[in-house]
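A.B. asks: Build me a model from this:
(chains A and B)
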2 protein chains.
Amino acid sequence: MDDEKMKFCVDTNKNNSWYIGTNDYDSKMINKFETVMFQGNGYMGMRAAAEEKQLHEQRDMFVSGTFDAFPNEVTELPNLPDLMNMEIQIDRQNLSLKDGQVANYHKYLNMKNGELTRTFDWFINDKRISFKYRRFISMQNKHLFVSQVEITSVDDELNIAISSGIDGRQSNDESQHLMEGDKRLYEGQYIQMQAETQQSHIDFVFNVRHKLYIDEVLLGAKPYINMNRRQIFGNYDVDLQAGQTLTVIKYANVYTSIDQDVPKDTLAVDSVAALKRASLCNYNELLQKSERVWNKDIWQKNYVQIESEDEKPQVAINFARYQLATNTPNDPRMNIGAKGITGEGYKGHTFWDTEIFMLPYYIFTMPDVAKNLLTYRYLGLQGAHKKAQGNNYQGAQFPWEAADPTDGETAPLWGSADIVTGKPMKIWSGFIEQHVTSDIVIAIMDYLNATGDQDFAENMGYEIILDAAKFWSSRLEYDQERDVYEINDVIGPDEYKEHVDNNAFTNYTAQWCIQRAIKVYNLIKEENPELYLKLSNKLNLETTYEAWINQVNRIYIPQPNIEGIIPEDDQYLARKQLDVTKFQVNDQVSTIFKSYNLTQINEMQITKQADVLLLIYLFENMFDDDIKQSNWNYYEPKTTHDSSLSQSIHSILASDLGLADEAYKFYEMSCETDLGVHVGKAIRGLHMAACGGLWNMTVEGFGGVRMDNGKLRIEPHLPASWQSLKYQINWQGSVVRVGIADEKMIVQVIGDGIEFVSHGQEYQVPANAKIEIEVPVEETVMD
Amino acid sequence: MDDEKMKFCVDTNKNNSWYIGTNDYDSKMINKFETVMFQGNGYMGMRAAAEEKQLHEQRDMFVSGTFDAFPNEVTELPNLPDLMNMEIQIDRQNLSLKDGQVANYHKYLNMKNGELTRTFDWFINDKRISFKYRRFISMQNKHLFVSQVEITSVDDELNIAISSGIDGRQSNDESQHLMEGDKRLYEGQYIQMQAETQQSHIDFVFNVRHKLYIDEVLLGAKPYINMNRRQIFGNYDVDLQAGQTLTVIKYANVYTSIDQDVPKDTLAVDSVAALKRASLCNYNELLQKSERVWNKDIWQKNYVQIESEDEKPQVAINFARYQLATNTPNDPRMNIGAKGITGEGYKGHTFWDTEIFMLPYYIFTMPDVAKNLLTYRYLGLQGAHKKAQGNNYQGAQFPWEAADPTDGETAPLWGSADIVTGKPMKIWSGFIEQHVTSDIVIAIMDYLNATGDQDFAENMGYEIILDAAKFWSSRLEYDQERDVYEINDVIGPDEYKEHVDNNAFTNYTAQWCIQRAIKVYNLIKEENPELYLKLSNKLNLETTYEAWINQVNRIYIPQPNIEGIIPEDDQYLARKQLDVTKFQVNDQVSTIFKSYNLTQINEMQITKQADVLLLIYLFENMFDDDIKQSNWNYYEPKTTHDSSLSQSIHSILASDLGLADEAYKFYEMSCETDLGVHVGKAIRGLHMAACGGLWNMTVEGFGGVRMDNGKLRIEPHLPASWQSLKYQINWQGSVVRVGIADEKMIVQVIGDGIEFVSHGQEYQVPANAKIEIEVPVEETVMD
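C.D. replies: A predicted model of the protein is given here:
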């Protein structure tokens, strides 16, 4: 199996699984590395572009939640003025890796503390100059970005000219969101730029200051200021003797008018004062402050340790946790974009990816973040009502794509003209990909089960569930002849099938939603009459409830056929079959489109991503093992895995089914989603759901953690090549540490005692105690 | 004098003064060469960027008159989707001059027919590939741009992948004017992109098609279409044998909804049809069609031939005429921007540069274009009224910066905050640089004198003159004590002096305007009562005339002092003097700001550009030779020539004064404005006034052509290094060809006979005849 080991685009370090990077400057990889070595703190994020401009770079900086719509376009996260820029001239020659000679090139991201370093020697005009760049976005002060460059003249005298500041000549593929505001200079050295979004009228303030040292002696020089349209730079000119080092520290911050930690009307002045305070510290001091927060708030909470011959599994789980930490705004007004804030792909919009693929991680490691992510959906109820009404439904129909929660649907509903016919094209996802409403209810139930957060339930969770079920009730289509309720003309999770009827995933989850709502209705009516009254008035529950009761058992639920296969939809099983294996390649995406167009694919038994299998994963108790196995056997070979959402589900389900090799194969494929060698993948941003999926495969799949009817279940399936796996989760307010090795499992609790199930047996761990149990040896079930 | 010869940034050709270019790919020169080798046809223009993307390039394409304002910004010409792009991969390696090795690099503009060629050999992966790019914007079909590349595999087999189409990811310093419209494909090969400006709602249609040949055999391949946001490209993949040549012709056109030659509502379809027709011809055929128009409409009308040892004077006058031809929209709704359409500098806005520096060329060579340029001001009367009213004046106060003629003032009136104090800064030019209103009247009088165009006079010219004089009348400030009318708090042409009182240039020309208006009033009242009645009603002439009569002889006109010096303004002569010579350097601009700030400069006898001397040049009959000489002696040493408007005036005046060496020195300096070696100059666009100035120095200065009280005067001053000078002008509808050599001048007339004056003597040339006269030997007047 050695030759099938995962191939990463980045170099890794056998002795330190926190480092990813490259020792080779390859301009073909420029955009991929910008994505993979992304830095952020949830509030803001920057791609790992170089300080100096490079051809074909994609320099992006975003602040979460600052959506704006360019005229006639869909709302998106504006690409903000660049703070990392620094153009350096050596003896009037621009530093460029394409000129002169470059040696000893290393660019590395330390995922432990979020620091990106880039070092190289540059040979130009017979001189050798050594460069060391370092930079990070602070986890301790969310507004702060600090960078430093050390330039050492190895053998000669040099003149160094530096131009560095705030470069507002950024845009989203040349759509410009920002109106330029004032440019200011405070105390001769604090450079400021203000800007405002065109449509959403969010104000931004950006500040920069520099400190220069020669061999650690601070220089007093104030910058010569150079202003252009959308640009303000400080310029410095320094002569260096042979052997001397010039160190430039660049302190930068950004504030917006939607920040809640600062008053809006004094943003300009307060932000300068904040930068002034920050710049009392040097680079290392600020980095250490940030490191402490990384350790305390992130690494202590989401601990996962893998012991294996290959460092890559640990690198992958570190990468996943790093990217989830850097891309998640811990603010209920914002959510995680499908590509986080790592690139312009999907415009910063949030999909069901959050609920189904990322929330398990947050529910189990940082329930407060999970709560904010779900609160975002509560704040989105108004937009969900708007969407439902627009489609002649009732209740809360959540948007397929979400941005500002109050916006409602932000998927483009009409595309541009068809390029051949010139007719406007309807984009269907926003209309008929409806399962997202169920996905949100699934996530809420998981959150409530894992945390027992009664506050959230009563203030938000129950209302969302009832309102979602109200939507489904209005969405059902009654077929008088068969006396059933159907859901026709939808797109399920498998986006290779448009306009299908009775998609299994959609129908099962819709029914389940209504069942949950009935339970919630009865619960609150009985136990919390005040809440019942409130919600009843708000949602017209009496009438709604009557409809639910009338409908719930007559919803058409596709049943397994004689071979035990649950039909993906009414049409699927009658479609043409073909051999899909040749399209199941991991170094390219959507190769099937080289052979067939979407209309043709729609007519064949080809699945983009787990669809029935996802249903089985989410509702394992609904299906017995035979059904699970026969559906696996049927659908997996028909799945191209062209969606990054597919593989992790397959890996976990394979673990559940005891298909260890399959589980590991899909695990490896999923690890390669962003870290793999496919050059074109991830250039417009990371696959955040794959990062969530990585944790899910590791902790839910191999670690065996699941919720079973509201109970914790731990049934590990340690991969053969792993010696041990340790991880930490939260359960009902307690911290649970699990260690698996040598066919033993140790479960340690910090906090109140917990209960869990493993292989049918119930275990109790008392408060602040641990127990050790045997893990049954896996028997691989192979046909 | 040889070592003082002009230094040009471009290489020139001793044997062919139509070529400018470079044999060296120097990335420092990228923006300068983009400007200098600009291509256009007045309707549209493109900078000479490379087909493949390059770092730090400034890729601009403009269509004249399509102004739009980005929110909170001043209106400007949008930088349009790029049609010249072509990315080429050889064996999957991107063509880039920064990779591999480049040899035999040549990039040349043929100014005779507007064709730009770029040839080089590229060595990559041990293969040698020869590239020959050619392109032009058609003078015959104003919408058409055609380019061609020939790629020859010298010794090996190659795979060539080409991506080429319409790249809408362009902006003005990242301000985006265009909303993306439909992208279309017609007949599998015509690529179309539509777009619309945000604020002015001008529609654009861009079309591209390709034809590919191997060794002149047409390939049938249709493109694989690749669409992204703001982009649509055709992709081709071709295998080439050793020795074979792939030729790609790219046909492109652009149409807008303000075009008057096509119906608006069928733009999309008609423009494709037009491209289809054009692409029936090959590259050379289309180039020849364009060449014929160049010869007939341009080179036959603006003929200037210089015989001298150095080719540079002829290159310079070819360059000036080429740029005036490529940058001048022959459409009365549009004018010539200070930088034409060669770059984003000055946002495409028109200044007094047109009337004072460019109109002489058009009046004397293409009076129909001159008429359109002046008609533009007539169409601007409404905006001029708006500006006057906004400042509590009457009549027509023409804008300091003009864009769409109906816009009125488009100079930014308030800048952003002062960077230190944070206070909003008033930008004074739009308020108090008022002489432009006189400059327009000067140009109208010149046009009428040279052409005798009575139609223009009666339909537009007289009204502008009267309306301008009405403004000046309302602008005058009565000083009761002295019983004079003053004009206080202005900026004259010398912009180093803000807020001065009684600027000589302003006061003289204001009085002259009113004098002209009085004459026009009396003339039309007497000879054209109908017109008089119309204008009298429109402009309330009775009252206005009374004011003129009351004011005109009491306007304060600064008189020469005892030394014969006309004070530039009330304050100038009392200011501190200093040695300005060290700031009179031609390879840098505004070096004075390294020593002084604007406030300090304001307090010293330093002049940015000819001010009193400009007055003397324009109104030579108002001043006797002693006054001219003493003002030259006084002001020239105080002038930094930091404005590109300054040198040509000095050169002509020096010619007039018989200062041959001085005249030639300023001539050479002026030739270097755009063509010189100063790297930073002209990167944001050409100095169109300097191009006009080049013709003025050559024909008005050395050629001695002037208008003297409405009469033609020809008094040549041939530079010592020139053997002969020949040029052609228009006078009163006749073509006049002048040849100067060997102290003789031949004046030939095609058309009706003309009269002219030379050194006090009147000459008559009968219809279609020529005469030869002696040119007196120059006596250099040197102190």
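
A.B. asks: CA only for contacts and neighbour counts going forward, please
C.D. replies: Will do.

A.B. asks: right, and the secondary structure at the closest residue to A:H435 other than its chain neighbours would be what?
C.D. replies: Counting by CA to CA, 6 or more residues apart in numbering or on different chains, the nearest residue to A:H435 once its immediate chain neighbours are dropped is A:T506, at 5.4 Å. A:T506 falls in the helix class when you classify it by DSSP: H, G, I helix; E, B strand; the rest coil.

A.B. asks: any idea how far A:T506 is from A:P558?
C.D. replies: Going from A:T506 to A:P558 by CA to CA, to the nearest Å gives 10 Å.

A.B. asks: just for the stretch 51-200 of chain A, where's the confidence low?
C.D. replies: By pLDDT under 70, the stretch 51-200 of chain A has no low-scoring segment.

A.B. asks: Which one of the residues in it is closest to chain B?
C.D. replies: Nearest residue of the stretch 51-200 of chain A to chain B (CA to the nearest CA) works out as A:R184 at 4.0 Å.

A.B. asks: okay, now that residue: neighbour count?
C.D. replies: Residues lying near A:R184 (other CA atoms under 10 Å in any protein chain shown) number 25.

A.B. asks: surely it meets B:G422?
C.D. replies: Yes: assessed by CA atoms under 8 Å, A:R184 is found in contact with B:G422 at 6.6 Å.

A.B. asks: follow-up on the earlier one: A strand includes the residue of the stretch 51-200 of chain A closest to chain B, no?
C.D. replies: Yes: counting by three-state DSSP, A:R184 is found in a strand.

A.B. asks: After the helix or strand of chain A with the lowest mean pLDDT, which helix or strand is next?
C.D. replies: Taking mean pLDDT, DSSP states H and E as the measure, strand A:414-417 is the helix or strand of chain A with the lowest mean score, a mean of 72. Heading C-terminal from strand A:414-417, the first helix or strand you meet, by DSSP states H and E, is strand A:424-426.

A.B. asks: And the next helix or strand after that following strand, what's buried?
C.D. replies: Once the chain leaves strand A:424-426, the next helix or strand it forms, by DSSP H and E, is helix A:429-432. Neighbour counts over helix A:429-432 (16 or more other CA atoms under 10 Å in any protein chain shown) mark A:S429, A:G430, A:F431, A:I432 as buried.

A.B. asks: Next: stretch A:680-687.
C.D. replies: A:K681, A:A682, A:I683, A:R684, A:G685, A:L686, A:H687.

A.B. asks: Nearest to chain B among these?
C.D. replies: Nearest member of the buried residues of stretch A:680-687 to chain B, counting by CA to the nearest CA, is A:R684, at 12.3 Å.

A.B. asks: contacting residues for the closest one?
C.D. replies: Contact partners of A:R684, counting by CA atoms under 8 Å, 6 or more residues apart in numbering or on different chains, are A:N31, A:T35, A:T342, A:G343, A:E344, A:G345.

A.B. asks: sorry, back to before: which ones are touching the residue of the stretch 51-200 of chain A closest to chain B?
C.D. replies: A:Y190, A:I191, A:Q192, A:M193, B:A417, B:D418, B:I419, B:V420, B:G422.

A.B. asks: Report the two of these separated the most.
C.D. replies: Greatest spatial distance among the contacts of A:R184 (CA to CA): A:Y190 and B:A417, at 15.2 Å.

A.B. asks: out of these two, which sits in the busier spot?
C.D. replies: A:Y190 (22 against 16).

A.B. asks: In this structure the more buried one contacts A:F206, no?
C.D. replies: No: contact criterion CA under 8 Å: A:Y190 and A:F206 do not qualify, at 10.2 Å.

A.B. asks: Run the contact check for stretch A:262-277 versus chain B.
C.D. replies: No: on the criterion CA under 8 Å from any CA of the partner chain, stretch A:262-277 is out of touch with chain B, staying 10.6 Å away.

A.B. asks: what's in contact with that stretch?
C.D. replies: By CA under 8 Å, 6+ apart, the surrounding residues in contact with stretch A:262-277 are A:144, A:186, A:190, A:192, A:194, A:205, A:207-209, A:251-258.

A.B. asks: if we can go back for a sec, which among the contacts of A:R184 end up buried?
C.D. replies: For the contacts of A:R184, buried by 16+ other CA under 10 Å: A:Y190, A:I191, A:Q192, A:M193, B:A417, B:I419.

A.B. asks: For A:A161, give me phi and psi.
C.D. replies: phi -110, psi 130 (degrees, to the nearest 10).
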